[in-house]
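> Return a 3D structure for these sequence lines:
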Amino acid sequence: MGDSLNDKKYNSIEKEETTYDKTKNFVRLAGGVYKATEPTYSDGDVAHLLFNSKGHLKVDTELSLTGDVYVDNVKTFATNISDPTTQTYGLVDATGHVATNVAKIAGTATDVNSGNKSNGTQRVTIATDDIPIALINTNLGTINTNLADVVDTSAHLVRIAEQDPIFNNFTPEVICDITNGTDGTYNFYTTGDTFNEVGTQLLIDGGSGTATVTVEATAQDDGTAPESCVYVDVTNAMFGAANFTASNYLFDTNKVLGQAKWIKYKVVLDTTGANDADVKIMIKKKW
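Residues are numbered from 1 along each chain as shown. This is a model prediction of the structure:
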């Protein structure tokens with residue numbers, strides 16, 4: 001049988017015989033062929049080793065590898081492959097990850113430290129569903145607007161105004177307003193908490209008999225309802241009289257009533273059944 005096509009290709013490899021000469025320090029071996037145009041092979045063909053015009057073995061740099069590949073150093077060239085001074089090596093960190101140094105962003109030197117943005121500033125976006133940036137910006141604008149009324153930036157001063165001036169810090173109350181009251185004893189309460197002074201005006205008309213007012217106080221501050229606390233009569237100690245049966249104004253000169261948890265005004269009406277006494281108690285508490 002004649003030679004097959006594969007045998008012909010294989011046998012067509014040229015061999016160059018070389019005799020060994022002791023005076024020469026090389027041996028020349030022909031191991032392939034040079035082809036300006038690379039041949040195309042089919043499945044099962046015997047292929048030649050191919051060389052370039054300088055006799056260097058041609059190697060396809062597009063490699064498909066499986067398994068692990070270990071590389072000591074990756075050499076790159078900044079400008080000229082033949083200039084050793086431009087050679088650099090790829091760097092990795094201690095965990096084996098490629099080290100990255102962002103020296104430029106789209107050709108512009110990367111911004112460092114603080115300052116205004118430029119072409120060298122890398123954009124970072126915060127998701128709107130993570131932090132409500134728009135709402136924060138709106139609120140900051142509102143704060144700045146409000147601060148403009150109280151901050152004098154040129155003088156580096158903050159203007160402070162009392163929202164409720166002290167001359168307005170009073171609480172008025174009418175705690176008793178009896179007209180033609182039925183004879184009997186009545187108690188009226190107010191608190192002394194958070195107040196410094198308490199002024200009391202008594203408007204008393206005994207009618208056919210008498211209407212008597214006394215002032216009592218308690219420091220009991222345990223959650224007990226005011227009508228169930230234990231009181232002490234302070235009328236004489238504070239106002240120099242055992243009681244009042246006519247209109248008067250009671251000055252809290254020593255600022256004692258403001259120390260009480262509760263203040264009780266006791267009103268006793270006695271008109272022997274006429275029920276025509278009138279009593280009105282107005283107080284004003286100062287913060």
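> how about the helices of this protein, start to end?
5-11, 133-147, 235-239 (DSSP state H).
> rank the ones you listed by pLDDT, which is bottom?
The weakest mean pLDDT among the helices of the chain belongs to helix 5-11, with a mean of 48.
> Can you give me the end-to-end span of stretch 114-122?
Taking CA to CA, to the nearest Å as the measure, stretch 114-122 stretches 13 Å from start to finish.
> Give me the residues contacting that stretch.
Val102, Lys104, Ile105, Ala106, Thr108, Ala109, Thr110, Asp111 (CB atoms under 8 Å, 6 or more residues apart in numbering). C-beta here means a position set from N, CA and C on the backbone, and glycine is covered the same way.
> redo that, cut-off 7 Å
Applying CB atoms under 7 Å, 6 or more residues apart in numbering, the contact partners of stretch 114-122 are Ile105, Thr108, Ala109, Thr110, Asp111.
> CSV for those residues, including distance to Pro226?
Converted to CSV, the contacts of stretch 114-122 look like this (distance: CB to CB, whole Å):
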residue, distance to Pro226
Ile105, 74
Thr108, 76
Ala109, 77
Thr110, 73
Asp111, 69
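> Let's have the residues you listed in CSV, adding distance to Ala217 and pLDDT.
CSV is the format used below for those (distance: CB to CB, whole Å; pLDDT from 0 to 100):
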residue, distance to Ala217, pLDDT
Ile105, 77, 83
Thr108, 79, 89
Ala109, 79, 88
Thr110, 75, 90
Asp111, 71, 89
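> Can you list which of the residues you listed are found in strands?
Ile105, Thr108, Ala109 (DSSP state E).
> where does the stretch 151-287 of the chain have low pLDDT?
For the stretch 151-287 of the chain, the stretches with pLDDT under 70 are 153, 156, 158-168.
> Now do the strands in it.
151-152, 157-158, 170-181, 184-191, 197-205, 210-218, 232-233, 248-250, 262-270, 277-286 (DSSP state E, counting those that start in this stretch).
> list the helices and strands the last one packs on?
When you say that, I think you mean strand 277-286. strand 170-181, strand 197-205, strand 210-218, strand 262-270 (3 or more CB pairs under 7 Å, 6 or more residues apart in numbering; DSSP states H and E).
> Can you report how many residues lie near the spatially closest residue to Lys35 that is not a sequence neighbour?
Nearest in space to Lys35, with sequence neighbours left out and distances taken as CB to CB, 6 or more residues apart in numbering, is Leu50 at 5.8 Å. Residues within reach of Leu50, counting by other CB atoms under 10 Å, total 14.
> Next up, the contacts around Leu50.
Contacts of Leu50 were listed using CB under 7 Å, 6+ apart, and they are Gly32, Val33, Lys35, Glu38, Lys58.
> now Ala246
Contacts of Ala246 (CB under 7 Å, 6+ apart): Ile204.
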